[in-house]
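Asks: Sequence first, then the predicted structure, then my questions.
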Amino acid sequence: MENKLEKREQWRKKREYMLAVAGCMVGYGNVWRFPYLCYKNGGGVFLLPYCFFAIMCGLPVFLLETVIGQYTQEGPIACWPKICPLAKGIGFSTLLIGLYNRLYSMILAWSILYLIYSFRDPLPWATCDNSWNTDRCVDLSSANLSASYGGNLAINMTSGNITKSSVSEFWERGVLSMSAGIEEVGSVKWELLLCLLASWMACYFCIWKGVRSTGKVVYFTAVFPYVMLAILLVRGLTLPGAWQGVVFYLYPDISRLADSQVWMEACAQVLFSYGIGTGTYIAFGSYNKVKNNCCRDSLWLCAINSCTSFVAGFAVFSSLGFMSYKQGIPIDMVVESGPGLAFIAFPQAVALMPFPQMWAVCFFLMIILLGLDTVFAGLEAITACVTDLFPEQMRRPWRREIFLIFFCSFVFIIQITLTTGGGVYQFQLIDYFGCSGACMMFVSIIQCVAVGWAFGADRMCDAVEDKTGQRPWLLFKLCWRYFTPLFCAVCFICLFLDNQTLTSQGGYVYPDWAYRLGWAMALSSAFPIPIYAVIRLCLTEGTFRQRLLALWYPAPDLECHTTDPLGDQPEL
């Protein structure tokens, strides 16, 4: 007898949805990117453009994606024929962005390896007595380290020899086995490969049963990082030199508000931190009950995300201030962004604290759980896409589990190259181009146009009010139609006009072919939108005007009228 199709899943409890989304939103961008950008772009002054874009871009698009999923009860691809059939390419773009974002499972692997080493006494990155150390190594107890730059290179003024800190050597040689560049792939680091395998196994078992398993896992993975962050915050603020770090973090430089780069980076940070344009919130929203009050949920979740970023800055910079005090170096010489903050600067700080093993374990547990939430949430969005595209095949017993096994195995095999000596260069290239804020800006623009103009912002507000009893604020309607696409378009254009050269650790400059590959990745997540629109226009019968009208309006099963964008009367 043929198996019956399983019904579409729903969250069993409201708090499971809230925790899952909060866990997805709060990730690496809150801990290692926001504090650095705040320091770099005027300290406390950076909060003004950040809050501006959070209100005008982040919150409206987050609510929009949640509403789309909840109202259509479909995933990131299948939802668009009910909103604007011409815009279905958005779903494929978000799918590609989600695939590029699976890159962050590599950070999980690095963190797991650091966590394992954190149980050693002494910490292996605090000394130069390890097999990976060179003659240039300077350990944390050496006075020569006070001349180092961020724990990296230093010049011994008496001998003229170039030296490197033990923390930096552990990261580059002990963990990564870095080659000279992306051209040199090198051999596989087997310890790192096993950690990558463990990270994918953890992601699989977090979502293998759908929202039934995800809803249970998030009670731990979403809450525990906040416990760890609170512990690190209290500990950091009680360290000597901590308040100098906090002042350095928030010291206002009003003149930076006139710099367009500050505003562009604020917009990119909001979209990156909120996880906009990845399809995750459409997928999670589609598992909600139709009557769920998504407006109130969105306000709370976005506030939690932004507040976490702000508070994380105190935890990070108090520890960096302590390191500056302990080693007698300026704070701006220990401030780094990205992996350098999590795997060089902060490990160096905890190594200087009493009971360093305990603080190292706390920190890397927090990093692992922050990353785990984000990775498996994006994996859930990809699974939702495939399930909605092939419901007859996927909504049967064990089909989801089998698909996830093959998909996780496939991505794991592809990512094996990231565990080689040249893997960190590949990681930075994909992170810079494939996971860039520009891709999320472009998707946000098209989403707002599809809902604000094709489906109709008024119609969407009416639908939300009808289902939840609460009408979205007028600001959201204006943002969907005007403000959000305008601001995102301006920042998107400025990012391209002010494109900066990608460099890696030690000043390594990527070859031209790597840039071409990077731009191909960046454009690949935008191309599905125009390509799908052109193909649908070519395959639809009628004159160009008739085709455009047929594909511009939402599917006729949604009983509502809209305005003809070309001036005719409504045709639904």
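Replies: All right, it came through fine. Residues are numbered from 1 along each chain as shown.
Asks: What's the separation between Leu474 and Pro354?
Replies: Distance of Leu474 to Pro354, computed by Cβ to Cβ, to the nearest Å: 55 Å. C-beta: built from backbone N, CA, C; applies to glycine.
Asks: Gln428 now?
Replies: 34 Å.
Asks: Counting neighbours around each, name which of the two comes out higher.
Replies: Gln428 (21 against 8; other Cβ atoms under 10 Å).
Asks: contacting residues around the nearest residue to the more buried one once chain neighbours are set aside?
Replies: The spatial neighbour of Gln428 that comes closest, neighbours along the chain excluded (Cβ to Cβ, 6 or more residues apart in numbering), is Ser504 at 5.6 Å. Ser504 makes contact with 424-425, 428, 510, according to Cβ atoms under 8 Å, 6 or more residues apart in numbering.
Asks: Verify the contact between Ser93 and Ile531 for me.
Replies: No - contact criterion Cβ atoms under 8 Å: Ser93 and Ile531 do not qualify, at 9.9 Å.
Asks: who has more neighbours, these two?
Replies: For Ser93 versus Ile531, neighbours defined as other Cβ under 10 Å are more numerous around Ser93 (30 against 13).
Asks: give me the element that one is part of.
Replies: Counting by DSSP states H and E, the element that carries Ser93 is helix 89-101.
Asks: And the contacts of that helix?
Replies: Residues contacting helix 89-101 (Cβ under 8 Å, 6+ apart): 75-80, 277-280, 282, 374-375, 378, 381-382, 385, 411, 430, 434-435, 439-440, 442-443, 446-447, 450, 521, 524-533.
Asks: Of those, which belong to helices?
Replies: By the criterion of DSSP state H, membership of the contacts of helix 89-101 in helices covers 280, 282, 374-375, 378, 381-382, 385, 411, 430, 439-440, 442-443, 446-447, 521, 524, 528-533.
Asks: Please indicate which of the residues you listed are buried?
Replies: Buried subset of the ones in helices among the contacts of helix 89-101 (neighbour count, 16 or more other Cβ atoms under 10 Å): 280, 282, 374-375, 378, 381-382, 385, 411, 430, 439-440, 442-443, 446-447, 521, 524, 528-529, 532-533.
Asks: tell me the contacts of His479?
Replies: In this structure residue 479 is Cys, not His. 56-57, 60, 448.
Asks: In ChimeraX, select just the buried ones from these.
Replies: To isolate the buried ones among those in ChimeraX, judged by 16+ other Cβ under 10 Å, type:
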select :56,57,60,448
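Asks: So which of the contacts of Cys479 sit within helices?
Replies: Under the assignment DSSP H, the contacts of Cys479 contribute 60, 448 to helices.
Asks: Helix, strand, or coil at Lys164?
Replies: Recorded secondary structure, Lys164: strand (DSSP: H, G, I helix; E, B strand; the rest coil).
Asks: Correct me if wrong: it contacts Cys137.
Replies: Yes - between Lys164 and Cys137 a contact is recorded at 6.3 Å, counting by Cβ under 8 Å.
Asks: Kindly provide the distance from Gly378 to Ala230.
Replies: Gly378 is 26 Å from Ala230, by Cβ to Cβ.
Asks: what does Lys216 give?
Replies: Lys216 is 23 Å from Ala230, by Cβ to Cβ.
Asks: For Glu65, the count of nearby residues, please.
Replies: 31.
Asks: do the one 5 residues further on as well
Replies: Taking other Cβ under 10 Å as the criterion, the count of residues near Gln70 is 26.
Asks: SS state for it?
Replies: Gln70 - assigned by three-state DSSP - is helix.
Asks: what's the following helix or strand after the helix or strand hosting Asp388?
Replies: Here Asp388, judged by DSSP H and E, is contained in helix 356-389. Next in sequence after helix 356-389, counting helices and strands by DSSP H and E, comes helix 391-394.
Asks: remind me which residues of the stretch 51-200 of the chain are low pLDDT?
Replies: For the stretch 51-200 of the chain, the stretches flagged by pLDDT under 70 are 140-162.
Asks: Try it again at 80.
Replies: 140-163 (pLDDT under 80).
Asks: Can you show me the helices along it?
Replies: Ranges of helices in the stretch 51-200 of the chain, per DSSP state H, counting those that start in this stretch, are 59-72, 89-101, 105-117, 166-169, 190-207.
Asks: The third one versus helix 190-207: what angle between them?
Replies: This points to helix 105-117. Here helix 105-117 runs at an angle of 110 degrees relative to helix 190-207 (axes from the mean of the first three to the mean of the last three Cα atoms, to 10 degrees).
Asks: what sits up against helix 105-117?
Replies: 28, 123-125, 175, 191-192, 195-196, 198-200, 202-203, 339, 342-343, 347, 360-361, 364-365, 367-368, 371-372, 375, 411, 415, 418-419, 423, 427.
Asks: how would you label the nearest residue to Asp332 once chain neighbours are set aside: helix, strand or coil?
Replies: Setting aside the residues directly before and after it, Asp332 is nearest to Phe248 in space (Cβ to Cβ, 6+ apart), at 7.5 Å. Each residue gets one of three states, and Phe248 gets helix by three-state DSSP.
Asks: isn't Phe248 right next to Phe317, touching?
Replies: Yes - contact criterion Cβ under 8 Å: Phe248 and Phe317 qualify, at 6.3 Å.
Asks: what residues are shared contacts of the two?
Replies: With Cβ under 8 Å, 6+ apart as the test, Phe248 and Phe317 both reach 39, 331.
Asks: By mean pLDDT, flag the weakest helix or strand of this structure.
Replies: strand 153-155 (a mean of 41; mean pLDDT, DSSP states H and E).
Asks: Contacts only, for the residue nearest to Phe476 when sequence neighbours are not counted.
Replies: Excluding the flanking residues, the one nearest Phe476 by Cβ to Cβ, 6+ apart is Pro60, at 5.3 Å. Pro60 is in contact with 448, 475-476, 479-480, 483-484, counting by Cβ under 8 Å, 6+ apart.
Asks: switch the cut-off to 6 Å
Replies: Residues near Pro60 by Cβ atoms under 6 Å, 6 or more residues apart in numbering: 476, 479, 484.
Asks: Which ones among the residues you listed map onto helices?
Replies: Within the contacts of Pro60, residues falling in helices by DSSP H are 476, 484.
Asks: pLDDT and distance to Lys467 added to the contacts of Pro60, as CSV?
Replies: Below are the contacts of Pro60 laid out as CSV (pLDDT from 0 to 100; distance: Cβ to Cβ, whole Å):
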residue, pLDDT, distance to Lys467
Phe476, 95, 15
Cys479, 96, 20
Thr484, 96, 22
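Asks: Good, wrapping up.
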